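Student: The amino acid sequence is not available; the structure is as follows:
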Ligand SMILES: Nc1ncnc2c1ncn2[C@@H]1O[C@H](COP(=O)(O)OP(=O)(O)O)[C@@H](O)[C@H]1O
Ligand SMILES: Cc1ncc(COP(=O)(O)OP(=O)(O)O)c(N)n1
């Protein structure tokens, strides 16, 4: 049996809904062996972010060395990489790895709390985005990366093309979660635009949707699937996670990482 492995390099969420914890749960659900390197420890929950503490670069480097020299990843994703110094350091590291790399350009939590400053947002465009196999911004993040005002699906398509042709990523998925009329995401890969549709679930429990979606895509790339197939599976996985809501927490709760397993079971909504 061949074992597939995936590494997430990101920040933490003690509630388990977003960040490293959501990534590891998702890798496990997709039957990929999950590994993690922590960049930032956060005190956060379903109501917002209470405290942020960045790890020293030396500790990030040591964690990476420990994992990679022992269990090589078949694919890597980055989530919250909050400072230009962390980004610049990771560029050399990721170039050497030569495995599929998913860049989730995490900038702001749905609670509204910023996860990086303006200078870091600019650095992300020049450092990590050009290295990515797939970049997975939500609409505000795509606007920041492309300096475009994104309102329509056509705008999402233009932004995805710009991330590939002008910023240098191999493919881009613009996530439609911030829209209120539909949940259509747009993939641009290998010169082709694909619209990924899903019914919109009327719920406030959407904490960590972006992390979970990009982790599911990473797991599929780790198995050797194509970009198009990995993104289609990621979309099905996140849709089931949102549909089978858990209603946890006093604020905007997490998604259900085992939602796809509940499909068709009696008594489950
Ligand atoms: N209410 C919803 N119903 C169905 N799908 C949703 C809903 N909200 C977000 N999604 C989907 O979840 C995924 C993550 O999108 P989004 O929430 O925009 O990311 P982020 O957490 O980075 O802001 C996308 O596939 C998006 O279409
Ligand atoms: C540590 C950490 N990383 C990323 C996020 C943002 O997660 P995301 O999946 O974009 O979902 P929201 O939290 O914005 O709903 C985070 N909160 N914490």
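Tutor: That came in fine, so what should we check first? Since this is a predicted model, take the numbers as computed values, not measurements. Ligands and ions are numbered 1, 2, ... in the order given.

Student: residues in the protein within reach of ligand 2, list them.
Tutor: 10-13, 18-19, 42, 44, 79-80, 106, 109-110, 206-211 (Cβ under 6 Å from any ligand atom). Heads up, the C-betas are built off the backbone N, CA and C, glycines and all.

Student: what ranges do the helices span in the protein?
Tutor: Listed in chain order, the helices of the chain (DSSP state H) span 19-29, 57-68, 84-97, 118-126, 139-146, 153-165, 209-222, 227-243.

Student: Establish whether the last one and ligand 1 are in contact.
Tutor: Which is helix 227-243. Yes: counting by Cβ under 6 Å from any ligand atom, ligand 1 has neighbours in helix 227-243: 235, 238, 239, 242.

Student: hang on, the second one packs against residue 208?
Tutor: No: in this structure, residue 238 sits apart from residue 208 without contact. The criterion is Cβ atoms under 8 Å, and the distance is 9.8 Å.

Student: Overlap in contacts, the two.
Tutor: Residues touching both residue 238 and residue 208 by Cβ atoms under 8 Å, 6 or more residues apart in numbering: residue 255.

Student: circling back: tell me which of the helices of the chain lies nearest to residue 191.
Tutor: Each of the helices of the chain has some distance to residue 191 by Cβ to Cβ; the shortest is helix 153-165, at 8.8 Å.

Student: what is the orientation angle of the closest one with helix 139-146?
Tutor: 50 degrees (axes from the mean of the first three to the mean of the last three Cα atoms, to 10 degrees).

Student: Write out the residues of this structure neighbouring ligand 1.
Tutor: Residues of the chain lying near ligand 1 by Cβ under 6 Å from any ligand atom: 110, 138, 175-178, 183, 185, 198, 200-201, 203, 206, 209-210, 213, 235, 238-239, 242.

Student: same thing but 5 Å
Tutor: By Cβ under 5 Å from any ligand atom, the residues of the chain that approach ligand 1 are 138, 175-177, 183, 185, 200-201, 209-210, 213, 238, 242.

Student: Those residues, buried ones only, as a ChimeraX selection?
Tutor: Buried members of the residues of the chain next to ligand 1, defined by 16 or more other Cβ atoms under 10 Å, are picked up in ChimeraX with:
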select :138,175,176,177,183,185,200,209,210,213,238,242
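
Student: before we move on, back to that, highest mean neighbour count out of the helices of the chain?
Tutor: helix 209-222 (a mean of 29; mean count of other Cβ atoms under 10 Å).
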